[in-house]
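Sequence and predicted model, in that order:
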Amino acid sequence: MNVVEVERELGHRSLYDFVKLGWSQVETGKYSDNWHIPLICGELESVTRGDVLELLINIPPGCMKSLLVQVFWQAWSWIQDPTLRFIGASFDHDLTKRDSARTLRLIHSQWFQERWGHRVWVAPDASVVIHENSAGGWRQATSIEGKLTGKHGDAVTIDDPSKPLDVMRNPKRTLSLVRDWRYGTLPTRFRDISKARKVLIMQRLHEDDLAGLALKEGTWRTVILPMRYDPARAHPKDPRTQKGELLWPDRFPEEAVRKLEDPKTGLGARQTAAQLQQKPTPDDGNIFKRTWFKYYVARPARFDIIIISVDCAFKDAEDSSYVVLQVWGMKGGEFFLLEQVRKRMSFTETCAEFAALARKWRASRAKLVEDKANGTAVIDTFKKKIPGVIPVTPTESKPARARAVSPLCEAGNVYLPATSLEPLQLPQWVEEYIEELVGFPFAAANDQVDATTQALNWLSMHAFSYEAAAKNAPFLFGN
């Protein structure tokens, strides 16, 4: 067999070999091999065969994800079955057009045509936005906000559906846009929904990003490859053994990774955890740090003041936000979370829970209710029935409110209930509460954060006046 015949056989049989053999047709630099490349290629081959229909890969930027998924895999899949129809999507249409152009350059190359031109031929003047081969297969390059009307494919490749900066600046709008596209547009864009292939390759940015939604669906095959080895989340085929061992040391050596991680000139802790380690929340937290919170088993007998803080939902539905009612006690410069109710509740159920909590904690002097959503109706319902109902209208953003009270937590002034201190044991709801706070503002929910910042901001503003009052009239402030 001559060189062409040997490469034709190798490239047809293995995507990994196809990538190595065809590298110079797409890139000018020298090919650098690493163990993660055949791993990803093997997973993509499973999708081409139809053995795997939904594949999620979380990997840091710069690790060949776009080249593997958006360029080489489509061309290789057409060698297997030239009738396949592909949709390539990203947060930026220019990026998908760039990768579509690379694929066309690969297919049009003399190298490719000598080996597989009898199976795959695309017109030299084919559009990078949408091009069709001689067997009826095609590829369309689009974006999350782009149009797919009238196009029905066999496979979709989604490469970084959200821009990191957009998620940081406006997570609600950015993630909502992607979620609507995923569930409102994409499902109708396949020839055969039962055989639809989806490949999502991205860096993690938020608990509720597209990868987070895929994980919640529970049907996706998942490959997580952090920059530094994490034994707790190791892939079975990851050859690394030492915690912190690098993913691709030839391309990203220790010095380069440390520059990326640098809090002043690099990504910092938050983006390092997300983009490099594939963890939307750093181990220690974002605005709130895990190590800042203190715990109590027995609470003080008396408080300077006890309050109730309420964060209501916008609608009565199964998928609506949670309603959170918290009871806080202040003693000097320390703040104790005494009780929390967190449920999805209708307006009627919210009123019942609020009234019950007010009866249970009769010593509570203030009942803070955010004056929006169902909260406005709660205020109108109880302002003449229960003393101390105070409407709260925030004037700052949620992150700004969180940062305003974070020094209280950092100083160790905020206490959460525990069932044991040595060893530390927490109720499940407290563990969930902490995870939401340390994940904020990139966690999937923020209702507990809202109730907490509302309470702590109000208490800290009134701390000195109520401390003085409690000393003069202690009988008014006991529980």
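Happy to help now that I have it.

Tell me where the stretch 251-400 of the chain has helices.
254-261, 268-271, 347-360, 375-382, 398-410 (DSSP state H, counting those that start in this stretch).

helices and strands around the last one, which ones?
When contacts are defined as 3 or more Cβ pairs under 8 Å, 6 or more residues apart in numbering; DSSP states H and E, helix 398-410 sits against helix 447-472. The C-beta positions use only the backbone N, C-alpha and C, and glycine is treated the same way.

how about the strands of the stretch 1-150 of the chain, start to end?
Secondary structure of the stretch 1-150 of the chain (DSSP state E, counting those that start in this stretch): strands at 54-58, 85-90, 130-132, 138-141.

Of all the residues in the shortest one, which ones are buried?
This means strand 130-132. Residues of strand 130-132 classed as buried: residue 131 (neighbour count, 16 or more other Cβ atoms under 10 Å).

For it, what is the distance to the chain centroid?
Relative to its chain's centre, strand 130-132 lies at 33 Å (Cα atoms, centre = their mean, to the nearest Å).

Quick one, which of the helices of the stretch 251-400 of the chain gets closest to residue 366.
helix 347-360 (10.9 Å; Cβ to Cβ).

got a list of contacts for the closest one?
When contacts are defined by Cβ atoms under 8 Å, 6 or more residues apart in numbering, helix 347-360 is touched by residues 308, 310, 312-313, 316, 323, 325, 327, 339, 341, 343, 345, 364, 367, 374, 377-378, 381-382, 386.

Looking at these, which are in strands?
Counting by DSSP state E, these place 308, 310, 323, 325, 327, 339, 341, 343, 364, 367 in strands.

Residue 305: neighbour count?
Residues lying near residue 305 (other Cβ atoms under 10 Å) number 23.

re earlier: of the helices of the stretch 251-400 of the chain, which shows the lowest average pLDDT?
Of all those, mean pLDDT reaches its minimum on helix 268-271 (a mean of 83).

Okay, buried residues for that helix please.
Of the residues in helix 268-271, those buried (16+ other Cβ under 10 Å) are 270, 271.

just checking, residue 67 touches residue 22?
No: in terms of Cβ atoms under 8 Å, residue 67 does not count as a neighbour of residue 22; the distance is 10.4 Å.

so where is the stretch 1-150 of the chain shaky, pLDDT-wise?
For the stretch 1-150 of the chain, applying pLDDT under 70 flags the ranges 149.

Would you map the helices across it?
3-13, 15-26, 36-49, 65-66, 73-80, 93-108, 110-116.

from the chain's centre, how far out does the fifth one sit?
I take that to be helix 73-80. 31 Å.

now that helix against helix 93-108, angle please.
40 degrees (axes from the mean of the first three to the mean of the last three Cα atoms, to 10 degrees).

about what we covered before: for residue 67 and residue 22, indicate the residue with more neighbours.
The neighbour count for residue 67 versus residue 22, taken as other Cβ under 10 Å, is higher for residue 22 (23 against 18).

List the residues that contact the closest residue in space to the more buried one that isn't next to it in sequence.
Using Cβ to Cβ, 6 or more residues apart in numbering and skipping the chain neighbours, the partner closest in space to residue 22 is residue 106 (6.0 Å). By Cβ under 8 Å, 6+ apart, the contact set of residue 106 is 22, 25, 26, 71, 72, 75, 112.

Relative to residue 441, how far out is the residue lying closest to the fourth one once chain neighbours are set aside?
Going back to what we said before, that points to residue 71. Spatial nearest neighbour of residue 71, chain neighbours left out: residue 102 (4.6 Å); criterion: Cβ to Cβ, 6+ apart. Per Cβ to Cβ, to the nearest Å, residue 102 is found 36 Å from residue 441.

cool, residue 94 as well?
Counting by Cβ to Cβ, the gap between residue 94 and residue 441 amounts to 28 Å.

Could you report the pLDDT at residue 443?
82.

One more: residue 311?
At residue 311, the model reports a pLDDT of 93.

rewinding a little: please name whichever of the strands of the stretch 1-150 of the chain is nearest to residue 217.
Short answer: strand 54-58, nearest of the strands of the stretch 1-150 of the chain by Cβ to Cβ, at 8.0 Å.

contacting residues for the closest residue to residue 325 other than its chain neighbours?
Among residues not flanking residue 325 along the chain, residue 341 sits closest, at 4.4 Å (Cβ to Cβ, 6+ apart). Applying Cβ under 8 Å, 6+ apart, one finds that residue 341 lies in contact with 323, 324, 325, 326, 353, 357.

what are the bridge partners for the second one, then?
Following DSSP bridges, residue 324 is listed with bridge partners residue 311, residue 342.

which residues touch it?
Going by Cβ under 8 Å, 6+ apart, residue 324 touches 310, 311, 340, 341, 342, 447, 448, 450, 451.

from the residues you listed, which is closest to residue 390?
Nearest member of the contacts of residue 324 to residue 390, counting by Cβ to Cβ, is residue 310, at 10.2 Å.

So the closest one sits against residue 366, correct?
No: applying Cβ under 8 Å, one finds residue 310 not in contact with residue 366, separated by 10.9 Å.

Of those two, which one has the most company?
Looking at residue 310 and residue 366 with other Cβ under 10 Å, you find the greater number of neighbours at residue 310, namely 27 against 20.

can you pull the pLDDT of the nearest residue to that one once chain neighbours are set aside?
Closest residue in space to residue 310, ignoring its immediate chain neighbours: residue 369 at 4.5 Å, by Cβ to Cβ, 6+ apart. According to the prediction, residue 369 has pLDDT 93.

for residue 320, same thing?
64.

Spell out which helix or strand contains the residue nearest the centre of the chain, please.
When Cα atoms, centre = their mean is applied to the chain, the residue found nearest the centroid is residue 206 (2.4 Å). Per DSSP states H and E, residue 206 falls between elements, in no helix or strand.

Next, it: phi, psi?
Dihedral pair for residue 206: phi -160, psi 150, per degrees, to the nearest 10.

returning to that earlier point: what about residue 102 and residue 441, which has more around it?
residue 102 (21 against 18).

Tell me how far the more buried one lies from residue 27.
For residue 102, the distance to residue 27 - Cβ to Cβ - is 9 Å.

Need the overlap of contacts for these two.
residue 67.

Checking residue 213 next. Helix, strand or coil?
In three-state terms, and counting by DSSP: H, G, I helix; E, B strand; the rest coil, residue 213 is helix.
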